[in-house]
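Visitor: Let's see this in three dimensions:
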Amino acid sequence: MKILPVMVGSIQIGGGAPVRIQSMTKCRTENSKAVIKEIKQLEKVNCEIIRIAIPNHTAVKSIPKIKDKIKIPLVADIHFDYKLALESMKLGADKIRINPGNIGADYKVKEIIKAARDKKIPIRVGVNAGSISKTILAKYKNPNVQAILESIKQNLKIFEREDYHNIVLSAKTANPKETIEVYQKLAELYPYPLHIGVTEAGLPFEGAIRNTTALAILLNQGIGDTIRVSLTGPSILEVKAAQEILSSLGKRKFGPTLISCPTCGRCEVDLIKIASQVNKKLASITEPIKVAVMGCVVNGPGEAKTADYGIACGKKSGVIFKHGNIVKKCREQDLVSELFRLIKGS
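Guide: The predicted model follows:
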């Protein structure tokens, strides 16, 4: 199915655009200085869209201050009070996220649609397992895939009646398998861009794995136009995890890729230390190069040769490769500095 394009500020979602990466600020929106600081950090690591919580009218008033200091599009996340959505759009939000099911009467949703149409602002229609109507829950007994899909269908009726299609859909669950099932069905049913992710995924280690379990499958099937890797942790980790997922699938490229072996009893250097040092230094490089750090002669030389740059270690020493050719042999303690002398001198 052809996906409709949606513009969020200057960023296109769907319609053949790259899969976009977004995150959500972790600090209170009323503290505009803290929000701006967090967003600027996210801009540095190439976050493309940022969402902020708008729980009250004090938070809404921060929107102009935040917009004035950032470069990426700003999404206002609204629940319950439709007037917060209207005020957010009036004050400069580039997109709003609502769950029509908790906004209330149809006239309130219509007011939001009218304002969004006038300002050419897209609406993300979001449903998750924790925000399904009591009627639908009573029918299905629990917030399963069928319940979520019916909730989406009901919520979209008013948008269809109003002939409003500037929409992004999301229907997240905390269960990766259910998330996959929901989005596969949504991709069959609707032409709207899909915002995909696993909600309430957990702390960074477990959360990244749970998100990857679902997102990798969906993205590899061509499903998903924008992603957030939700983590109970710093927002910058969400962006980096999303980039790693997209890079690993060949969907996009974001700076260097480090590959390193897991080490074993054959390794005769402190490979974990070497790999950590290389990874830290790669943070200052923006080119999409591939760097290999390998610990022994079994796979080391072969893997290092296939990278743009590589280290293959031996006994308290190693050789440095550039595009498959050995450049020099070094002592263990000099490997990292010599590798980066080569990279930065190229």
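
Visitor: switch to C-alpha atoms for all contacts and neighbour counts from now on
Guide: Noted.

Visitor: which is the next helix or strand following the helix or strand of the chain with the lowest mean pLDDT?
Guide: None of the helices or strands of the chain scores lower by mean pLDDT, DSSP states H and E than helix 300-306, at a mean of 79. On the C-terminal side of helix 300-306, the nearest following helix or strand under DSSP states H and E is strand 309-313.

Visitor: need the contact list for the spatially most central residue of the chain.
Guide: Nearest to the geometric centre of the chain sits residue 228, at 3.2 Å (CA atoms, centre = their mean). Contacts for residue 228 (CA atoms under 8 Å, 6 or more residues apart in numbering) come out as 21, 22, 23, 195, 196, 197, 238, 239, 242.

Visitor: at 7 Å instead, please
Guide: Residues near residue 228 by CA atoms under 7 Å, 6 or more residues apart in numbering: 21, 22, 23, 196, 197, 238, 242.

Visitor: farthest-separated two in these?
Guide: Using CA to CA, the pair of the contacts of residue 228 lying farthest apart is 196 and 238, separated by 13.2 Å.

Visitor: For stretch 213-223, buried residues please.
Guide: Buried residues in stretch 213-223, counted by 16 or more other CA atoms under 10 Å: 213, 214, 215, 216, 218, 219, 223.

Visitor: quick one: the last one is in a strand?
Guide: No - under DSSP: H, G, I helix; E, B strand; the rest coil, residue 223 falls outside any strand and is assigned coil.

Visitor: Find the nearest non-adjacent residue to it, please.
Guide: Leaving aside its sequence neighbours, residue 223 sits nearest to residue 187 (CA to CA, 6 or more residues apart in numbering; 6.7 Å).

Visitor: May I see the buried residues of stretch 101-117?
Guide: In stretch 101-117, counting by 16+ other CA under 10 Å, buried: 101, 102, 103, 108, 109, 110, 112, 113, 115, 116.

Visitor: What segments of this protein are helices?
Guide: 32-44, 57-60, 63-69, 82-90, 100-103, 106-119, 134-140, 145-161, 176-189, 204-220, 235-248, 271-282, 300-306, 335-345 (DSSP state H).

Visitor: Using PDB, write out the CA atom coordinates for the second one.
Guide: This file holds the C-alpha atoms of helix 57-60, laid out as PDB (Å, rounded to 0.1, in the frame of the first residue of the first chain):
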ATOM      1  CA  HIS A  57      -1.700  25.100  30.500                       C
ATOM      2  CA  THR A  58       1.600  26.100  32.200                       C
ATOM      3  CA  ALA A  59       3.400  23.500  30.100                       C
ATOM      4  CA  VAL A  60       1.800  24.900  26.900                       C
END
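
Visitor: mean confidence score for it?
Guide: Helix 57-60 comes out with an average pLDDT of 96.

Visitor: Packing partners of that helix?
Guide: helix 82-90 (3 or more CA pairs under 7 Å, 6 or more residues apart in numbering; DSSP states H and E).

Visitor: Now do the helix it packs on, average pLDDT.
Guide: 98.

Visitor: Only alpha carbons, please: show it as CSV.
Guide: The C-alpha coordinates for helix 82-90 follow below in CSV (Å, rounded to 0.1, in the frame of the first residue of the first chain):
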residue,chain,number,x,y,z
TYR,A,82,-8.7,19.1,24.0
LYS,A,83,-8.0,22.8,24.8
LEU,A,84,-4.4,21.9,25.4
ALA,A,85,-4.2,20.7,21.8
LEU,A,86,-5.7,23.8,20.5
GLU,A,87,-3.4,26.0,22.5
SER,A,88,-0.3,24.0,21.6
MET,A,89,-1.1,24.4,17.9
LYS,A,90,-1.7,28.1,18.4
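
Visitor: Quick one: distance of that helix to the chain centre.
Guide: How far helix 82-90 lies from its chain's middle: 25 Å, per CA atoms, centre = their mean, to the nearest Å.

Visitor: Which neighbouring elements make contact with that helix?
Guide: Right, helix 82-90 is packed against helix 57-60, helix 106-119 by 3+ CA pairs under 7 Å, 6+ apart.
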